[in-house]
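J.: Build me a model:
(2 chains)
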Amino acid sequence: MRFRATIENVDTFSKIVQSVEKLQKRCTIKFGEHEMRIICTGDANEGGIQVWSYIKVPSLFTDYRIQSNSGNEICISLPSEALLAALRSAAGSSSVQNSSSAVAADMQAIMKLAKKGEKSVLSFEITGLTAMGRSITVIQHILIDVLRHSEVERLKEPLCPEPDVHILLPPLGKLRTVVERLRPLAADGVIFRANHSGELQLAVNTENARVEVGWGGLTNPAMSTQSQDDSDAKDPKRMHGVLVSHKCLLKFLNSHVVSTTTIACICENHCVILYVYIGNVADAGGVLTYYIPAKFDDGM
Amino acid sequence: MSEDQPRVLTASVHDFRYFAALLRGVNFANRASVSITADGFTVTVEEARCLTATAFVFSHVFDEFIYNPDAARPSQRSQPEDEDDELTATAFEIPLGTLMDCLNIFGTAGLAPGASQKKKRSQGDGDESDGGVGGERANAKGKGRADDAPGNTTLDQWFAPGKGTGMRMSYAGPGHPLTLLVAEESGGPTATCEITTWDPEPRLELAFDSDAAVLKIILKSSWLRDALSEIDPSTEKLTIIGNPPPPPGRAARSSAPPCFRLKAVGQFGSTEMDYPNDREVLETCECARPVAFTYRFAHITRALRALQSSLKTSLRIDDEGLLSLQFMMPAPRRPGRRSQAFIEFWCLPLEE
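T.: Modelled structure (predicted):
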């Protein structure tokens, strides 16, 4: 099993990790020949939010070499916080680099799979310049578990029914402000709903207040699976909603650091699926897919 | 209920930050009594049966203020028009903290234009932290200086009226919620909030007898705010001491007792702060005889938020020690309108 890559786009990589870091202590990364998948399954976190991401290798790495017995795929599980810390230190040295406007070629972050005694590690070799202008190399090892083939087989993306509505979300940063402010009122969860006329609503109910925040004029992207007359048959004004936990919604909104376009798909009273595109949709370097399951409550 | 049903109160404003600043000054207890009259409304909260605070929100704070006391009781419409003033006041109770949360749903309630995002973030969690925003407003307006804010803050405040968040508030009568419509910008998101109201309950009535006032001081709010925020938070008691000012025309001797002194006694010692009888500091100081009354410091610090957003403070104590603090708020940006809004605190002294 061999794996080695130069991280070209440290900033984007660390933002992606930052978006999923809050979900769970450990995440699973599946390196393939053409893509990297970061996976957080819902079993270890509260509320059951899951992330399945798909990131194209060229959008983050160069000199990407992978070799393994299971179809050149390597699947590891590692502490997400440590990964983020390693990437941050790489990003830090690159920013020093930029500010001193020296030759960019000197800065390099190499990620590779290695053995340290009996244990497998993912090692990050970060070469940069010190403030004095001298070259310095920092090596960080993150203890990892290499997943066996049978364990990889058990990782299954959740199956969802055909969504009732697709909608393009407003900028996640703005959405996050509102969701954060709803916190004192959202003990019972947040109702996330949308219709086919470009309207999105977040609603909370408590005994003190009922609050409904609405956005209008959003886009309902046309989905290839959905035939034109099918959407005509539905009432375009009818809201399709799902009650989700406030915590999960906030965790998803951590991805505002990396998002450009986000599409939400609502399966009424079942789940919300959120596609966070990295880069623009047409030429996306990858997509983070969040699944937030419905929270069942009498308040629904 | 339908839209066209008559409503007891409809009020709207295109930028509610001034309104929010008034409410924030009394936002230390969740249950607040609201009393509406044709001139505006008051929001009153109390704590531990010895502190009450009222924000006076006059109708001119709003762009539109329609009060229709008869809307809720159509059966009494036949009654003669010359009712008492008391009858024409509508009262109910609301969760004030929730109202503030709703106003601030887009994170815009406490924000003077140009203030940094960071300040906004920290606001709302702690008592101390959310002061910075209002304080900056007071600084910029009151003293014409803004050391920590960018230099154009003051100008922005006057010339960027379009930046604010608009609000429309309505109340249909007893049993109905207080409905708030908050919209950040045209085309942007809108929030519809229905805030539960309750029937009013009797409130603590603290009547200040101005004839019996033994100490009357008017000073800039910042002078009092700086002193209070300097005192260690573990302090339990605060004594307010007043002495008659020296007769005019004679220079004050350094040995003369100070006109106005704050004395704080806490676990780690005591602090005394004297205010000189200087027109720069104490705008007026009337004191007939030496007085000293002690208050619970935690109650006095409830006034910090109001101090932060106000310009001047009138501090009065009557012969029984009842403390009245009136905070004059900066005038709303409406030329040619009447009185300024203010917040008033009343606090009973500790028995000694």
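J.: Tell me the predicted confidence for B:G144.
T.: pLDDT recorded at B:G144 is 37.
J.: Kindly report the same for B:H299.
T.: pLDDT at B:H299 comes out at 94.
J.: how about the strands of the stretch 51-200 of chain A, start to end?
T.: In the stretch 51-200 of chain A, the strands defined using DSSP state E, counting those that start in this stretch lie at A:61-67, A:74-79, A:108-116, A:119-129, A:135-143, A:145-146, A:165-168, A:190-194, A:200-205.
J.: Which single residue of the stretch 201-350 of chain B ends up nearest chain A?
T.: B:E201 (16.4 Å; C-beta to the nearest C-beta). Where you see a C-beta, it was placed from the backbone N, CA and C, and this is true even at glycine.
J.: who's the residue nearest to that residue when sequence neighbours are not counted bridged to?
T.: Of all residues not flanking B:E201 in the chain, B:E93 sits nearest, at 6.7 Å (C-beta to C-beta, 6 or more residues apart in numbering or on different chains). With DSSP bridges applied, B:E93 shows beta-bridge pairing to B:S33, B:W198.
J.: From B:A29, how far off is B:E93?
T.: Distance, B:E93 to B:A29, by C-beta to C-beta, to the nearest Å: 11 Å.
J.: Give me the angle between the one helix or strand A:E212 maps to and strand A:200-205.
T.: Using DSSP states H and E, A:E212 sits within strand A:209-215. With axes from the mean of the first three to the mean of the last three C-alpha atoms, to 10 degrees applied, the angle from strand A:209-215 to strand A:200-205 works out at 170 degrees.
J.: Give me every residue in chain B lying close to chain A.
T.: B:95, B:97-98, B:101-102, B:104-107, B:177, B:187-196 (C-beta under 8 Å from any C-beta of the partner chain).
J.: so what's the residue nearest to B:E201 scoring on pLDDT?
T.: Here the pLDDT value assigned to B:E93 is 95.
J.: Let me see the contact set for it.
T.: Contact analysis of B:E93 by C-beta atoms under 8 Å, 6 or more residues apart in numbering or on different chains lists B:31-34, B:197-201.
J.: how about 7 Å then?
T.: Residues in contact with B:E93 (C-beta atoms under 7 Å, 6 or more residues apart in numbering or on different chains) are B:31-33, B:197-198, B:200-201.
J.: And the furthest pair within those?
T.: B:T197 and B:E201 (12.3 Å; C-beta to C-beta).
J.: which one of those two has more residues nearby?
T.: B:T197 (20 against 9; other C-beta atoms under 10 Å in any protein chain shown).
J.: so who does the closest residue to the more buried one other than its chain neighbours touch?
T.: Of all residues not flanking B:T197 in the chain, B:F92 sits nearest, at 4.4 Å (C-beta to C-beta, 6+ apart). By C-beta under 7 Å, 6+ apart, the contact set of B:F92 is B:34, B:174, B:197-200.
J.: With distance to A:K295 and pLDDT as extra columns, can I get those in CSV?
T.: Output for the contacts of B:F92, formatted as CSV (distance: C-beta to C-beta, whole Å; pLDDT from 0 to 100):
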residue, distance to A:K295, pLDDT
B:V34, 34, 94
B:P174, 34, 90
B:T197, 28, 95
B:W198, 29, 94
B:D199, 33, 93
B:P200, 36, 91
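J.: Now the buried members of the residues you listed.
T.: For the contacts of B:F92, a burial check counting by 16 or more other C-beta atoms under 10 Å in any protein chain shown picks out B:34, B:197.
J.: quick one on the thing from earlier: okay, the residue nearest to B:E201 and chain A: tell me how far apart.
T.: 11 Å (C-beta to the nearest C-beta, to the nearest Å).
J.: What's the first helix or strand after the one helix or strand A:D11 maps to?
T.: Taking DSSP H and E as the definition, A:D11 sits inside helix A:10-21. Remark: after helix A:10-21, the chain's next helix or strand is strand A:26-31, criterion DSSP H and E.
J.: So which residues make contact with the helix or strand that that next one is followed by?
T.: Once the chain leaves strand A:26-31, the next helix or strand it forms, by DSSP H and E, is strand A:35-40. With contact meaning C-beta under 7 Å, 6+ apart, strand A:35-40 is reached by A:16, A:20, A:23-24, A:27-30, A:50-57, A:155.
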